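Undergrad: Provided below for reference: sequence and predicted model.
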Amino acid sequence: MATTIKSGFERIRNTEVWRTIFRSGSGSSNLHRSQAVQQNIFLHLFSVKVRSRALEFSPTWYLGALTLSTFFILIATGILLMFYYHPSVPQAYADMKDLQFVVASGVFLRNLHRWSAHAMVFLVFAHMFKVFYRGAYRPPRQFNWVIGVFLLLITLLLSYTGYLLPWDQLAFWAVTVGSNIAKAVPLMGKQIRFLMLGGNEVNANALLRFYVLHCVILPLVAILLVGVHFWRIRKDGGLYVPEKKNL
Amino acid sequence: MQAEVQSDVRKNPRRIAFILRRTSPYVKTQDDGRVMTYPTALSRFIIALEVAFVLLVWISLLANAPLEGMADPMHTPNPAKAPWYFLGLQELLHYFPPMVAGVLVPGLVVGALIVIPYFNINIEGESLWAKDRKRRLMIIGVALVLFCIFLLAFDVIVALVPTILIGGLMLWSARFSSESPRLFHRWLASKPLSFWIMSWFLIELTILTVVGTFFRGPGWSWVLPWQS
């Protein structure tokens, strides 16, 4: 069975159409496997070969890979949720109720998006601490660490802007508490808060702003920075794995 | 050990590297084995993706995302809480003015995180007690006591306890060296200053977040999570 699937896949990879799309043929030689990475616009961010020690569990706990996984889940579920959501008051809350009672698997969709978001925030923090304790921020990886710090901030902002969208009491007051902190910024605190909310309090304008930030601007920035983050891994010589030393 | 130099240097050029300190990951004393990204690394990533997906689907099937009544600006819940990852900051807001807890502290944290790789002391990762042991002990001891008095003055017991624990462990580690008989002692002695600061930050972050999430009730008063 497995061999049938494998040979079937090989046959597909050898067709002209496949080869025009992916620019690589079949075969299990290192050349073909290199081409599968090099000739693919997404995979070419990565190096063709990786150190086998970098794939072990202990140096990374796969926290970066798991963070990216939650990000993928969030994009997929987020797009589906956008089909059922209007960023307006009070329709936004009615849409939550529709997800609960009308839309097929709507509750599941919202659950998956919300729990994945919490998981991503947690994993980003965990990833940062793991990288620190491994010492992987050291030259030549300094700037990738800085990009990572910005990705942490983007993740927090993504989660925070998404928090308002259900427009329930929890969302409203959490964002009110958060936006009141912006007022404490010296000299231009009030202006910053006004820019953030599109008004002096959390209202329909704030909902629209948070929606645009959450669904368009922040994801685009995140995808861009994630791209640079991965490209830098390759440019900086692969994942850093410390040598085993005897204490 | 036998040193050997090829007679024909032009044909077989030799490179000699002087490695003074372990400052750069570029410096490798041995070459590691390598595997192909496709399919080995890629399949590992797909497994990670599937593990994350299966776990999150399970959680989503078992627990519903919270949804309260519609937003009502006229009705303030008590307590009004930020998302969990900001509750550490909200806990600090309880003790310090917003200018300090909401602007200064997060600004300093982000700034400190960004500059970590640009300081040689963090890159060399030398043991805190390797040099000037007595002087460092005095400076760190005084700084710790002053910081604890500061926290006590503002009544921040939640942050004081981990500070005393980590600070105590740090000062205790000065007793040991790389020659200490026990592995744990040698491990403690080998740690640089950045390790202690980051560990202190990690523990403070965890404790403040947990306290803000589970131990704070109406009027930000202390409650026990099982006595709701």
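TA: Structure's in. What do you need?
Undergrad: what's the burial count for A:Gly64?
TA: The tally of other residues near A:Gly64 (other C-beta atoms under 10 Å in any protein chain shown) stands at 23. Where you see a C-beta, it was placed from the backbone N, CA and C, and this is true even at glycine.
Undergrad: For my notes, confirm it occurs in a helix.
TA: Yes: counting by DSSP: H, G, I helix; E, B strand; the rest coil, one finds A:Gly64 located in a helix.
Undergrad: Longest helix in chain A, please.
TA: helix A:106-134 (DSSP state H).
Undergrad: near chain B, anything from that one?
TA: Yes: with C-beta under 8 Å from any C-beta of the partner chain as the measure, helix A:106-134 is seen reaching chain B through A:107-108, A:110-116, A:118-119, A:121, A:125, A:128-129, A:132-133.
Undergrad: cool, and stretch A:171-183?
TA: Yes: using C-beta under 8 Å from any C-beta, stretch A:171-183 reaches chain B at A:Ala171, A:Phe172, A:Trp173, A:Ala174, A:Thr176, A:Val177, A:Gly178, A:Asn180, A:Ile181, A:Ala182, A:Lys183.
Undergrad: Would you mind pulling up the elements that the strand or helix carrying A:Ile154 packs against?
TA: Applying DSSP states H and E as the criterion places A:Ile154 in helix A:142-164. When contacts are defined as 3 or more C-beta pairs under 8 Å, 6 or more residues apart in numbering or on different chains; DSSP states H and E, helix A:142-164 packs onto helix A:106-134, helix A:169-182, helix A:204-212, helix A:218-235, helix B:105-115.
Undergrad: next one: the last one to chain centre, how far?
TA: Distance of helix B:105-115 from the chain centroid (C-alpha atoms, centre = their mean, to the nearest Å) equals 13 Å.
Undergrad: What helices and strands are in contact with that helix?
TA: helix A:142-164, helix B:87-93.
Undergrad: Which of these has the lowest mean pLDDT?
TA: For these, mean pLDDT drops lowest on helix B:87-93, to a mean of 93.
Undergrad: Pull out the CA atoms of the worst-scoring helix or strand of chain B on mean pLDDT and give them to me as PDB.
TA: Least confident helix or strand of chain B, by mean pLDDT, DSSP states H and E, is helix B:120-124 with a mean of 83. Extracted as PDB, the C-alpha positions of helix B:120-124 are listed here (Å, rounded to 0.1, in the frame of the first residue of the first chain):
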ATOM      1  CA  ASN B 120      30.000  41.700  25.500                       C
ATOM      2  CA  ILE B 121      29.300  40.600  29.000                       C
ATOM      3  CA  ASN B 122      26.200  38.700  27.800                       C
ATOM      4  CA  ILE B 123      28.100  37.200  24.900                       C
ATOM      5  CA  GLU B 124      31.100  35.900  26.800                       C
END
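Undergrad: now could you export just the CA positions of the helix or strand following it as CSV?
TA: Helices and strands here follow DSSP H and E; after helix B:120-124, the next one along the chain is helix B:133-153. Written as CSV, here are the backbone C-alpha positions of helix B:133-153 (Å, rounded to 0.1, in the frame of the first residue of the first chain):
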residue,chain,number,x,y,z
ARG,B,133,34.7,37.9,43.7
LYS,B,134,34.8,40.1,46.9
ARG,B,135,34.0,43.4,45.1
ARG,B,136,31.2,41.9,43.1
LEU,B,137,29.7,40.2,46.2
MET,B,138,29.6,43.5,47.9
ILE,B,139,28.1,45.5,45.0
ILE,B,140,25.4,42.9,44.3
GLY,B,141,24.7,42.4,48.0
VAL,B,142,24.1,46.1,48.5
ALA,B,143,22.1,46.5,45.3
LEU,B,144,19.9,43.5,46.3
VAL,B,145,19.3,44.9,49.8
LEU,B,146,18.4,48.4,48.4
PHE,B,147,16.0,46.9,45.8
CYS,B,148,14.3,44.8,48.5
ILE,B,149,13.9,47.9,50.7
PHE,B,150,12.4,49.7,47.7
LEU,B,151,9.9,46.8,47.1
LEU,B,152,9.1,46.7,50.8
ALA,B,153,8.5,50.4,50.9
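Undergrad: counting contacts, what elements does helix B:133-153 pack onto?
TA: Secondary-structure packing of helix B:133-153 (3+ C-beta pairs under 8 Å, 6+ apart): helix B:157-172.
Undergrad: How about the contacts made by the spatially most central residue of chain A?
TA: The structure's chain A has its C-alpha centroid closest to A:Phe71; by C-alpha atoms, centre = their mean the separation is 3.2 Å. Shown in contact with A:Phe71 (C-beta atoms under 8 Å, 6 or more residues apart in numbering or on different chains): A:Met120, A:Ala222, A:Val226.
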